[in-house]
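1. all I have is the shape, not the residue letters:
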């Protein structure tokens, strides 16, 4: 059998002497949309940061396409094909939309139809209208579109979205979910964090739920939709 696209096995991560993750494991197969769920402060972003090598793990292993990436620099993990849309977007405020897209562009795997600036503008027409605007001049929704577009221009095998629609107006959220659905239909593998359960259940294949840095639930969208006890215990506010 082919190796999983991403395999996280029993990772433990610390901030100084404070342990944040306790044996977290998850798998993403090619073409899947998988979510990390849980209330604020439960370890979702730390899991993403650990996968990307931004907050190195103390124990456990992380593999991308069967190759171990634990302990290597973050830029080398990104070069293996992981594209991150970080919480807070982190676009360059003093670069234009086009410059933000160009700065990360790469096609290391020689994809036949790579994500170019033109394809990003087709996916997000609003960005085409604002292509000469500086990052700081964009709305929150436009910045999120730009952050997703920037990650896509690296032509990732796996797209990681941390808080995909946090703080966005309902119409903009719908636009982001539409685009995520389109990416899924094209076979893009995605690992995402978000709080809007109805939208998540409609688009994702499988889910992992974290509670205080530990994996407490996992299953399909159908299983999560039916498990109202788990929803109340681990996801409700």
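-> Cool, the structure landed. Since the structure is predicted, the reported quantities are computational estimates derived from the model, not experimental observations. Residues are numbered from 1 along each chain as shown.
2. so what does whichever helix or strand residue 59 is part of touch, helix or strand wise?
-> Using DSSP states H and E, residue 59 sits in strand 57-64. Counting contacts by 3 or more CB pairs under 8 Å, 6 or more residues apart in numbering; DSSP states H and E, strand 57-64 packs against strand 6-15, strand 18-28, helix 44-52. Yep, even glycine has a C-beta here, placed from its N, CA and C like the rest.
3. can you list the ones you listed in JSON lines and add distance to residue 73, mean neighbour count and mean pLDDT?
-> Conversion of the helices and strands packed on strand 57-64 to JSON lines gives the following (distance: least, CB to CB, whole Å; neighbours: other CB atoms under 10 Å; pLDDT from 0 to 100):
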{"stretch": "strand 6-15", "distance to residue 73": "16", "mean neighbour count": "18", "mean pLDDT": "97"}
{"stretch": "strand 18-28", "distance to residue 73": "20", "mean neighbour count": "18", "mean pLDDT": "97"}
{"stretch": "helix 44-52", "distance to residue 73": "10", "mean neighbour count": "24", "mean pLDDT": "97"}
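4. so which of these gets nearest residue 152?
-> For the helices and strands packed on strand 57-64, proximity to residue 152 was assessed by CB to CB; helix 44-52 is nearest, at 16.2 Å.
5. what number of residues lie near residue 182?
-> For residue 182, the neighbour count with other CB atoms under 10 Å is 11.
6. name the SS class of it, please.
-> Secondary structure for residue 182, judged by DSSP: H, G, I helix; E, B strand; the rest coil, is helix.
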